[in-house]
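Asker: Sequence first, predicted model second:
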Amino acid sequence: MSQIADAISYLKRSLSLAKSRELRLYVIVPLIFNIVVFGGLYWASGSWIAGWIASATADWALTGSLSFLNEALHFLIDAAVILVWILLLALFASIFSIGVQLIAAPFMGFLAEKVDIQVTGQPMHDESIPAMIIRTFKREIRKTWYWLWRAVLILFVVMVIYFIPVVNVFASVIWFLWSGWLLGMQYIDFGADNRQVPFEVMLERLKTKRWLVLTFGAIVMGLTMLPLVNLFIMPVAVIAGTLIWVEQLSGELIVNNE
């Protein structure tokens, strides 16, 4: 229970830190980036599909005794277009953050670095910006490989369980716990990566605070699925994840990497 309370407390602290003068710029830049990318892709996709529907149904019209249904037909077409926009919003809300995490990783690395230095007072390793960007991008590829093949296996298990009576109630629980762990790992790793802690070592540290990681990741996952909220939750989660790493998981690793 204390680890669950800690996860909630860290998210509350991160909201306050995100508004501080020292971190504000590092929060605003990825926020603008998210809005531009999300808004652009969402508008382009929705406009294309809506245009296709309008073009495909342009000649739809009932004649003769059924002509009185034309108004209802047009209403259904308009409703279909609105439904497309809503479904697209839900789709983008669920998968958008995964792609953005990969693209915006360097921005998140800068933010995590500032949080780490502010909390610990210890400088980072000397590293050029291009080298840091390349290292962070490679780390994201490593994390993507970590969750991708495991997600396939877990999805297979969940699908099998789903068709077993009684036991199938655990299918959603398994997927929820896995997703929570994944997101918790994703955001806590920014702090570990800045101190150049090996990925495998970071994973072992996470296992010592399983409920903290799961609760943190589950809350972030829920917020990520909310349209518009998912645009700014990423930098807030990075701050919280960095705080968790520095204060709960890093231990002597910070000193050993100096």
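Answerer: Looks like it came in fine. Not measured: the values here are computed from a predicted model.
Asker: Skipping adjacent residues, who's closest to Ile239 in space?
Answerer: Leaving aside its sequence neighbours, Ile239 sits nearest to Ser14 (C-beta to C-beta, 6 or more residues apart in numbering; 3.8 Å). To be clear about C-beta, it is placed using only N, CA and C from the backbone, and glycine gets the same treatment.
Asker: where does that neighbour fall, helix, sheet strand or coil?
Answerer: Using DSSP: H, G, I helix; E, B strand; the rest coil, the secondary structure recorded for Ser14 is helix.
Asker: where does the stretch 1-150 of the chain dip in pLDDT?
Answerer: By pLDDT under 70, the low-scoring segments of the stretch 1-150 of the chain are 1, 62, 90-106.
Asker: Now do the helices in it.
Answerer: 2-18, 21-56, 70-103, 105-120, 129-162 (DSSP state H, counting those that start in this stretch).
Asker: Between the two ends of stretch 13-31, how far is it?
Answerer: Distance between the two ends of stretch 13-31: 19 Å, counting by C-alpha to C-alpha, to the nearest Å.
Asker: Please name whichever of the helices of the stretch 1-150 of the chain is nearest to Ala240.
Answerer: Proximity to Ala240 (C-beta to C-beta) singles out helix 2-18 among the helices of the stretch 1-150 of the chain, at 3.8 Å.
Asker: Show me how far that closest one is from its chain's centre.
Answerer: In terms of C-alpha atoms, centre = their mean, to the nearest Å, the centre of helix 2-18 is found 17 Å from the chain centre.
Asker: by contact count, what packs against it?
Answerer: If you count contacts as 3 or more C-beta pairs under 8 Å, 6 or more residues apart in numbering; DSSP states H and E, helix 2-18 packs onto helix 21-56, helix 210-224, helix 229-244.
Asker: Now the second one: average pLDDT?
Answerer: When the per-residue pLDDT values of helix 210-224 are averaged, the result is 87.
Asker: coming back round to it: give me whichever of the helices and strands packed on helix 2-18 is most buried.
Answerer: helix 229-244 (a mean of 25; mean count of other C-beta atoms under 10 Å).
Asker: hang on, the earlier thing: can you tell me which of the helices of the stretch 1-150 of the chain is most buried?
Answerer: helix 105-120 (a mean of 21).
Asker: Go through the helices of the stretch 1-150 of the chain and name the closest to Glu200.
Answerer: With C-beta to C-beta as the measure, helix 129-162 is the member of these nearest Glu200 (9.7 Å).
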